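Student: Turn this into a structure:
(2 chains)
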Amino acid sequence: MSELTQPELTHLGVQAIRDGVAAGTFTAREVAEACNAAVADASALNAFIVTTPDHALAAADKVDADRAAGRELGLMAGVPIGMKDLFATNGVQTTAASHILEGFTPRYESTVSQRLWDAGAGMLGKLNLDQFAMGSSNETSYFGDVVSPWRRNGSTAGLTPGGSSGGSSAAVAARLAPAATGTDTGGSIRQPAALTGICGIKPTYGRCSRWGVVAFASSLDQAGPMARSVADCALMLQAMAGFDPKDSTSLDLPVPDWSGALNADLKGKRVGIPREYRMDGTDAAILKAWDDGIAWLKDAGAEVVDISLPHTEYALPAYYIIAPAEASSNLARYDGVRYGLRDLPQGANLQDMYAATRAAGFGDEVKRRILIGTYVLSAGYYDAYYTQAMKVRALVARDFAEAWDKCDVILAPTAPNTAFALGEKLSDPLAMYLNDVFSVPASLAGLPAMSVPAGLDPAGLPLGLQLIGRPLDEQGVLNAALAIEQRAGFTAQPDRWW
Amino acid sequence: MSTYRIHGATGDWEVVIGLEVHAQVTSNAKLFSGAATTFGAEPNAQVSLVDAAMPGMLPVLNRECIRQAVRTGMAIEAQINRWSRFDRKNYFYADLPQGYQISQLYHPLVGEGSLTIEADEKAGIPADKVIGIERIHVEQDAGKLMHDQHPTMSYVDLNRSGVALMEIVSRPDMASPAEAGAYLRKLRAILRYVGSCDGNMEEGSMRADVNVSVRRAGEPLGTRTETKNVNSVRFVMAAIEHEARRQVDLLEDGGAIVQETRLFDPGTGTTRSMRSKEDAHDYRYFPDPDLLPLELDEAFLDECRESLPELPDAKRTRYVEALGLSDYNAHVLTAEVETARWFEALLLTSATAQGKQPAEVAKQAANWLLSELMGALNKAGRTPGDGAVTPESGAELLALVGKGTISASIAKQVLEGMIATGDAPGVIVEREGLKQESDSGAIEAAADQVLAANGDKVAQYRGGKAALFGFFVGQTMKAMAGKANPQVVNQVLQAKLGPAGES
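Tutor: Have a look, this model is predicted:
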């Protein structure tokens, strides 16, 4: 038996668990049991749609047996994780937090989750999210809001864990899981990471296979890890990434040893500060954290340069054309014909069945985006919206391409605000969409980007800083994030109230 | 210029026809999935996760389908676009699992090309005519609804879902049903030569959307209708005839043509409205974000070009110029790739068997194939492809005739035996004792008997009735059971009878 208590085990990160299991300090089973117990105890957070304790235990037992037999252990050996319920998991319900897929159990496994299992990870359960990953607060889930483990000082009001990977951020921040998968279309890894005081990286588009991930906006969707340290993110990303012939947009490149090459010495590196990101309406605490970040990176040896990304203000409107356009088409397959919900009223014809099924199966936000997407692709509007948005997208990408002449990595806030109260922005979709203002440009350009904790605001809520890198330069992003992590000294964690 | 006109009450009308042909690409796997494409499989036996559009599934392009489409484009001498892209065509239907068809609207794989239909006086095509082809793009087929499986519900068979199609879009260059028919047959022949589509219209491997409009001579194009999914050459021609007549009648009655989609009813030979332009889908085409643009390199194009066979037009010219065949024979022999293949195998083995150059036996082989073999096979209800007669056995038969072992008439009998039994001609000749008799002794004996038994006719012949010579030949041949060498019979009889009218 380990000398660590169950709560102590749940506070360990990915690397610590992997190394502890390998060294025999504790068994993988002990870790899985500790995490399973923490998950079972945290139903108030509503972070999981289904829990899979047996999956976690079976994976742990296999790792323990492998170790006993002297077999080589994988990158994630003995690490139980949470799986965002957007990844298809063989034999385990996969819903995208929607009613239309409620009860849908795939008989296939997404490439990314399979890679994690192959690396020795186990699954604690399927994590809640915004329905079809559409949302920034995890309030659009058919299975209820996820409640952040964080609260404002002296308040018991429920806060958002961010979205769409809100179950992931809540579970990792609350020490239910050392790490979780996320997906990021316009900020869905970075923003929830920022709002819950954890790390999350969206790699370069094409690094992680999209095969088996329920599609939201194909040209933007990227999977990535969410964990409590930069090193853990590097390790887990290494296990998730890699070429997949089943995804035509997957990059046929070897996966670098990001974890082994982590280096916080930024001598000779130039950090760009985009002036267009100084926007009205950004929290003062966030601007202060940004200034702190600049100082920390200088301290790490980097040169800080002022840069311009002139098309930034057009990025968000372009994103909210392109992503819904793709979504309106991607979600057409949920029609009640082959799987998932079917609502077939008495005497209904095919059109009636489509209408009834989709009316009942999709939530309001999903319907809103399908409507927007259908509209912008319609005859007579296509050029004015979709074509224009694609031009903006090219210009945004060009802004970045030109910036790389002046800098190696870009530092910016992750989100314009800290965690807000559940219900606060739900009735105002535009206010909600503005949460993505800093994260969307890197998504449109397909660049690697990461959020790392930088401190707490006066209310005691976490602040995140975003690092954006050149295409394929996850290492540069991770290194700069590591330099911030080492200087920010972020050790805060939510007080347990659940 | 086609002289085809619809004769209306108020005068003559020209017909303008364009065809969009959907040709199933010959490939073991579907366009974006590894599922099989065999015709006639159990419903839903050939459906992958991608074809059923399960959540999170992604398309991966099958290069073989692209290769076939590029080769087809080269065969119609079309522009091959090195950069093309796939678009989604969005609409809801139960046979379309994704809710969109992956197609190519904005940047098709193959651009402008053409094919030539041949002059056919009888069909009203006075001269060869070039028909423009606007483009060929590659797209997915949909599944199939089955309405006869359940009293109140429809079933869906997704076997065809995702199968690769080439959509071959002609210019509105055809002016009569006959030209449309000739275009379809020529296109089908080219596809089958190239091997990119089996052209089997009964199995749905090839079907056409027929665009028809009418106008008075010299007037601009009229409003067209599109008759969907017509699945035989005959039906396409019938649909055009009916549709053109319907449009003329409507216009002459003061009506207007509505741009609409129509359906052809093979039972009645008529077309009926399916949906009008107002009800037309807004397909919301946009580039498929799951697929990268398709870029082709020179090596790929070279490979496609080098793998192209000799095509019907080139073959036909060669048959006339190098083999000395008639235009007609060359046309018939090259119209179908199987016939041409059969003929060339026959030609080669025949030349070898007779120790001659192919050009020296080409006429013999062509005539025998087109008149004797086709006739005999037709009579027996067989086809050249079913193996009753092979080019090798045909060549053996021709060699037997060429060497004088059997006569041409006996050859017909041997051929029937080959078709009936599948035995080699040499075996049949031996077994049935059909070897030609060239021994003049035996023939003389037979001739003597004939002359003796027909003294009156001999007298008439000698009296000047020269035409009776044929009678003596026939009788002598009959006495020899058809096996006598006709040349020897001629010589013997001439020697015995002398010239007619001299006694």
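
Student: list the contacts for residue A:167?
Tutor: Residues in contact with residue A:167 (C-beta atoms under 8 Å, 6 or more residues apart in numbering or on different chains) are A:46-49, A:82, A:84-85, A:127-129, A:138, A:146, A:161, A:180. Yep, even glycine has a C-beta here, placed from its N, CA and C like the rest.

Student: Looking at those residues, which one is closest to chain B?
Tutor: residue A:85 (11.1 Å; C-beta to the nearest C-beta).

Student: In three-state terms, how would residue B:60 be classified?
Tutor: State at residue B:60, reduced to three classes by DSSP: H, G, I helix; E, B strand; the rest coil: coil.

Student: just to revisit the earlier point, okay, and which of the contacts of residue A:167 map to strands?
Tutor: A:48, A:49, A:82, A:84, A:127, A:180 (DSSP state E).

Student: quick one: which of these is most hemmed in?
Tutor: Sorting those by how many neighbours each has (other C-beta atoms under 10 Å in any protein chain shown) puts residue A:127 first, at 35 neighbours.

Student: okay if I get the contacts of residue A:167 as CSV plus pLDDT and distance to chain B?
Tutor: Listed next are the contacts of residue A:167 as CSV, based on pLDDT from 0 to 100; distance: C-beta to the nearest C-beta, whole Å:
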residue, pLDDT, distance to chain B
A:46, 98, 23
A:47, 98, 22
A:48, 98, 19
A:49, 98, 15
A:82, 98, 18
A:84, 98, 12
A:85, 98, 11
A:127, 98, 16
A:128, 98, 17
A:129, 98, 14
A:138, 97, 20
A:146, 98, 21
A:161, 98, 24
A:180, 98, 18
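
Student: Going by distance to residue A:247, which of the residues you listed wins?
Tutor: The shortest approach to residue A:247 among the contacts of residue A:167 belongs to residue A:84, at 17.3 Å (C-beta to C-beta).

Student: Which positions within stretch B:274-291 qualify as buried?
Tutor: By 16 or more other C-beta atoms under 10 Å in any protein chain shown, the buried positions in stretch B:274-291 come out as B:283, B:284, B:285, B:286, B:287, B:288, B:289, B:290, B:291.

Student: Which ones among those also lie next to chain A?
Tutor: B:284, B:285, B:286, B:289, B:290, B:291 (C-beta under 8 Å from any C-beta of the partner chain).

Student: check which helix or strand covers the nearest residue to residue A:200 once chain neighbours are set aside.
Tutor: Distance criterion C-beta to C-beta, 6 or more residues apart in numbering or on different chains; nearest residue to residue A:200, sequence neighbours excluded, is residue A:193 at 3.3 Å. If you go by DSSP states H and E, residue A:193 is part of helix A:190-196.

Student: Give me the next element, helix or strand, following that helix.
Tutor: Downstream of helix A:190-196 (by DSSP H and E), the next one is strand A:199-202.

Student: and that next one, which strands flank it?
Tutor: Applying DSSP bridges, strand A:199-202 is found paired with strand A:222-227 (antiparallel), strand A:449-456 (antiparallel).

Student: Just say helix, strand or coil for the spatially closest residue to residue B:270 that is not a sequence neighbour.
Tutor: Nearest in space to residue B:270, with sequence neighbours left out and distances taken as C-beta to C-beta, 6+ apart, is residue B:242 at 5.3 Å. Following three-state DSSP, we place residue B:242 in the helix state.

Student: Would you confirm that residue B:242 contacts residue B:269?
Tutor: Yes. Proximity of residue B:242 to residue B:269 meets the contact threshold set by C-beta atoms under 8 Å, at 5.9 Å.

Student: who's more crowded, these two?
Tutor: The residue with more neighbours, out of residue B:242 and residue B:269, is residue B:242; 20 against 13, by other C-beta under 10 Å.

Student: which residues touch that one?
Tutor: Residue B:242 neighbours (C-beta under 8 Å, 6+ apart): B:269, B:270, B:271.

Student: cool, and residue B:161?
Tutor: Per C-beta under 8 Å, 6+ apart, neighbours of residue B:161: B:47, B:51, B:52, B:95, B:96, B:97, B:140, B:141, B:142, B:143.

Student: Whichever residue of the stretch 201-350 of chain A sits closest to chain B: neighbour count?
Tutor: Nearest residue of the stretch 201-350 of chain A to chain B (C-beta to the nearest C-beta) works out as residue A:332 at 2.3 Å. Using other C-beta under 10 Å, residue A:332 has 23 neighbouring residues.
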